[in-house]
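Chemist: After the sequence you'll find the predicted model.
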Amino acid sequence: MKFRYLNKNIFNRRVNKKVHSIHFIGIGGIGMSGLAKVLLEMGYRVSGSDIRENDLTQQLKDKGAIIYQGHSSSHLSQADLVVVSSIISPDNPELEEARKRDIPIISRGKLLSYFVNEAEGIVVAGTHGKTTTTSLIYVILKEAGGNPTTFVGGELKEMGGNSELGTDKYVVAESDESDGSFLLLCPQISVITSLEDDHLDYYGSQDKLVKSFIQFGKRLKPGGTLIANNDDQNLRRVLKEISLNSSQKLITYAVNSEADLLADNLRLREFSSFYRVNYKGKVLGEVNLPLPGQYNIYNSLAAISVGILLGIHWGRIQNALFSFQGVGRRFERIGETTSSILVIDDYAHHPTEIKATLKVAKNLKRRVIAIFQPHRYSRTKLLLDKFASCFEKADVLLLTDVYPAGEKPICGVNGKMLFDAVRRKRKKETFYFPTKQGIVDFLRRNTKRGDLILTIGAGDIRQVGEEFLRLQSVTPGERR
């Protein structure tokens, strides 16, 4: 299969070198592995290294990639181009070897820009909801007969992974504002889902974060369209600062304020949502969305906006949303024991996301045992006060240590610090366990029939729920 809008000649021109073999430093990440998979499908020799292997690296191995555990200068023996993750240290031995041998080095974000900027890019940005929104756009385009090249920050069930090489003119991509790399992208369609204080370790202040989103909005191609959530106060500020030219346009969506695309008559169920859609004063029809929570209604409105813009028939949009199978780690049902203890896993790692996830969990009418693993020392430190007050809807809260995600430790910042902050504001049962095994042991002793165990975080906390189910002799995803 050949990708029509990006071929090997583009890489040659971009790096001023004929490229056959591409090496990824930090290949196990969700963004890096997705790019590596597509390049494999394009016919490149792909190799990569990471501190540890995971399911994503195994999938790449199965497709022919050469995967190394650990980093060594010897891994670059055939590399013509090196792609580096933003979390890789400048003194990484593979990075040093690439510099020594004058092998071109590009960032993950730069590589993604080669795809997006050479095609008609549909790019999703925002603090929350990017992965689900990107996935919904993908399924709408596929339902309409399209075949977009797609990069998602999660494992999409319809795709069987986190990326797919397509043949048509669209590239659907989830962007990354954490390192500013979304400012390398020049989309045909830009979607901004939300804007809240996060990644302040990189930006330094919320004002600089907001300014980066203003810059992103201004990077539209001529004739492009900006789609934004008009219920988000920070985004309204961003929209005021973006002056689109006569060839560009803006589409807004909302639930609680005026917008081009509106959802009303909302009905929220345990694992689904129903609502009516109005576009510019005209009722389009009802949506049956197999995702819980009002936040997922916002995500689907963003995707619907893209579908309408591209002229996709309303019935196909409805069908795509109704049949959506979901993204891994987004309120994902892992399994249920014979004593009706339900285990759900969610990727939420920002206080606002945690609040929204717990609100949905309480709709299940069960005792909620929430297990949270903080993600990154910098985020834990900068948002400590907000983390301290975001768990109120959990009946029982279990906290563990920080998942570093490649960061170096910050003195005094750990799970115990978060536990102390939470305890000052929370009166319900709250416990701290430095290890996952301690959490599993607690669950085995203290869970009751009908409980909901909810693992929360962007790290590897899902393993706790899986181990609990294994010890209960339940196959993950099934009930016995």
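Modeler: Looks like it arrived, so ask away.

Chemist: quick one: the helices in the stretch 51-200 of the chain?
Modeler: For the stretch 51-200 of the chain, applying DSSP state H, counting those that start in this stretch gives helices covering 55-62, 93-100, 108-118, 130-143, 200-203.

Chemist: Please export the C-alpha coordinates of stretch 169-177 as CSV.
Modeler: In CSV, the C-alpha atoms belonging to stretch 169-177 read as follows (Å, rounded to 0.1, in the frame of the first residue of the first chain):
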residue,chain,number,x,y,z
LYS,A,169,-6.0,12.8,1.2
TYR,A,170,-6.8,13.1,4.9
VAL,A,171,-4.4,12.6,7.8
VAL,A,172,-6.3,12.5,11.2
ALA,A,173,-3.9,13.2,14.0
GLU,A,174,-4.0,13.7,17.8
SER,A,175,-1.5,16.5,18.6
ASP,A,176,0.6,17.0,21.7
GLU,A,177,0.8,20.3,23.4
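
Chemist: one step back: so of the helices of the stretch 51-200 of the chain, which one's packed in deepest?
Modeler: Most buried of the helices of the stretch 51-200 of the chain by mean neighbour count (mean count of other Cβ atoms under 10 Å) is helix 130-143; its value is a mean of 26. All C-beta atoms are positioned from the backbone trio N, CA, C, and that covers glycine.

Chemist: That helix: how far from the chain's middle?
Modeler: 12 Å (Cα atoms, centre = their mean, to the nearest Å).

Chemist: coming back round to it: can I get the helices of the stretch 51-200 of the chain in a markdown table including distance to residue 279 and mean pLDDT?
Modeler: Shown next, in a markdown table, are these (distance: least, Cβ to Cβ, whole Å; pLDDT from 0 to 100):
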| stretch | distance to residue 279 | mean pLDDT |
| --- | --- | --- |
| helix 55-62 | 38 | 96 |
| helix 93-100 | 49 | 97 |
| helix 108-118 | 27 | 95 |
| helix 130-143 | 15 | 98 |
| helix 200-203 | 35 | 88 |
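
Chemist: and these as JSON lines, adding distance to residue 402?
Modeler: Formatted as JSON lines, these follow (distance: least, Cβ to Cβ, whole Å):
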{"stretch": "helix 55-62", "distance to residue 402": "22"}
{"stretch": "helix 93-100", "distance to residue 402": "25"}
{"stretch": "helix 108-118", "distance to residue 402": "23"}
{"stretch": "helix 130-143", "distance to residue 402": "22"}
{"stretch": "helix 200-203", "distance to residue 402": "13"}
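
Chemist: What is the lowest-mean-pLDDT helix or strand in the chain packed up against?
Modeler: Here the helix or strand of the chain ranked lowest by mean pLDDT, DSSP states H and E is helix 8-15, holding a mean of 74. With contacts taken as 3 or more Cβ pairs under 8 Å, 6 or more residues apart in numbering; DSSP states H and E, helix 8-15 sits against helix 108-118.

Chemist: Which neighbouring elements make contact with the helix it packs on?
Modeler: In terms of contacts (3+ Cβ pairs under 8 Å, 6+ apart), helix 108-118 is packed against helix 8-15, helix 30-41, strand 81-84, strand 149-156, strand 170-174.

Chemist: so can I have JSON lines of these showing mean neighbour count and distance to residue 108?
Modeler: Output for the helices and strands packed on helix 108-118, formatted as JSON lines (neighbours: other Cβ atoms under 10 Å; distance: least, Cβ to Cβ, whole Å):
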{"stretch": "helix 8-15", "mean neighbour count": "15", "distance to residue 108": "15"}
{"stretch": "helix 30-41", "mean neighbour count": "23", "distance to residue 108": "5"}
{"stretch": "strand 81-84", "mean neighbour count": "23", "distance to residue 108": "6"}
{"stretch": "strand 149-156", "mean neighbour count": "25", "distance to residue 108": "10"}
{"stretch": "strand 170-174", "mean neighbour count": "28", "distance to residue 108": "12"}
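
Chemist: Can I get stretch 74-84 in CSV, CA atoms only?
Modeler: Extracted in CSV, the C-alpha atoms of stretch 74-84 (Å, rounded to 0.1, in the frame of the first residue of the first chain):
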residue,chain,number,x,y,z
SER,A,74,25.5,-0.1,18.6
HIS,A,75,21.8,0.1,17.9
LEU,A,76,22.3,2.7,15.1
SER,A,77,24.4,0.5,12.8
GLN,A,78,22.1,0.9,9.8
ALA,A,79,20.2,4.1,10.7
ASP,A,80,19.8,6.8,8.1
LEU,A,81,17.4,8.9,10.2
VAL,A,82,16.8,9.1,14.0
VAL,A,83,13.5,10.0,15.6
VAL,A,84,13.7,11.0,19.2
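
Chemist: any idea which element the closest residue to residue 322 other than its chain neighbours lies in?
Modeler: Nearest residue to residue 322 in three dimensions, chain neighbours excluded: residue 288, at 5.0 Å (Cβ to Cβ, 6 or more residues apart in numbering). Element membership for residue 288, per DSSP states H and E: strand 282-289.

Chemist: List the neighbouring strands of that strand plus their orientation.
Modeler: With DSSP bridges as the criterion, the sheet partners recorded for strand 282-289 are strand 273-279 (antiparallel).

Chemist: Give the buried residues for the strand it pairs with.
Modeler: Buried residues in strand 273-279, counted by 16 or more other Cβ atoms under 10 Å: 273, 275, 277-279.

Chemist: distance of residue 57 from residue 63?
Modeler: 11 Å (Cβ to Cβ, to the nearest Å).

Chemist: ok, now residue 40?
Modeler: 5 Å.
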